[in-house]
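Q: Structure here, sequence nowhere to be found:
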């Protein structure tokens, strides 16, 4: 197993700065990589804009997502129409090898609906709707070692 193989707990929120502060206090996170107003592909001709924050703590990556505009339906799942909320959204898994990623993708595609899948920022990712079975989405992603993910702070 490579250090590039890791899991991620991801939260969606209506206020990413507040959610980051709460998660920092709860888990001892001392720094976040912030990507404000990040636009990324979500599928054929579709894109979303969201605020993202990433941090590592004890080998686990935390992600905070605040949907802003565009194809953000998957990121709005579980959030109320008004007021503050922070909700667990998905369990993510990064793969260091294409073979492992492709194998996991094929298995998940055979089992779950795929609301979002695309290549973006030099990598590839997909969300699988496992909410009926697990209560949350599953995300699989693969990025090269020198991608933006190499800059995520470790607490």
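A: The structure has been received and is ready for your questions. Since the structure is predicted, the reported quantities are computational estimates derived from the model, not experimental observations.
Q: Now do the buried residues in stretch 79-90.
A: 79, 86, 89-90 (16 or more other Cβ atoms under 10 Å). To be clear about C-beta, it is placed using only N, CA and C from the backbone, and glycine gets the same treatment.
Q: what about the strands in the chain?
A: For the chain, the strands defined by DSSP state E cover 6-13, 33-43, 46-57, 60-70, 86-94, 113-120, 123-129, 137-142.
Q: what would those look like in a markdown table with mean pLDDT?
A: Shown next, in a markdown table, are the strands of the chain (pLDDT from 0 to 100):
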| stretch | mean pLDDT |
| --- | --- |
| strand 6-13 | 97 |
| strand 33-43 | 94 |
| strand 46-57 | 96 |
| strand 60-70 | 97 |
| strand 86-94 | 98 |
| strand 113-120 | 93 |
| strand 123-129 | 96 |
| strand 137-142 | 97 |
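Q: I'd like those laid out as a markdown table, including distance to residue 151.
A: Output for the strands of the chain, formatted as a markdown table (distance: least, Cβ to Cβ, whole Å):
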| stretch | distance to residue 151 |
| --- | --- |
| strand 6-13 | 15 |
| strand 33-43 | 6 |
| strand 46-57 | 9 |
| strand 60-70 | 12 |
| strand 86-94 | 14 |
| strand 113-120 | 16 |
| strand 123-129 | 14 |
| strand 137-142 | 16 |
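Q: which one of the ones you listed lies closest to residue 154?
A: Nearest to residue 154 among the strands of the chain is strand 46-57; the distance by Cβ to Cβ comes to 4.4 Å.
Q: And the closest one, how far out from the chain middle?
A: With Cα atoms, centre = their mean, to the nearest Å as the basis, strand 46-57 stands 7 Å off its chain's centre.
Q: what's the angle from it to strand 33-43?
A: Angle between the axes of strand 46-57 and strand 33-43 is 140 degrees (criterion: axes from the mean of the first three to the mean of the last three Cα atoms, to 10 degrees).
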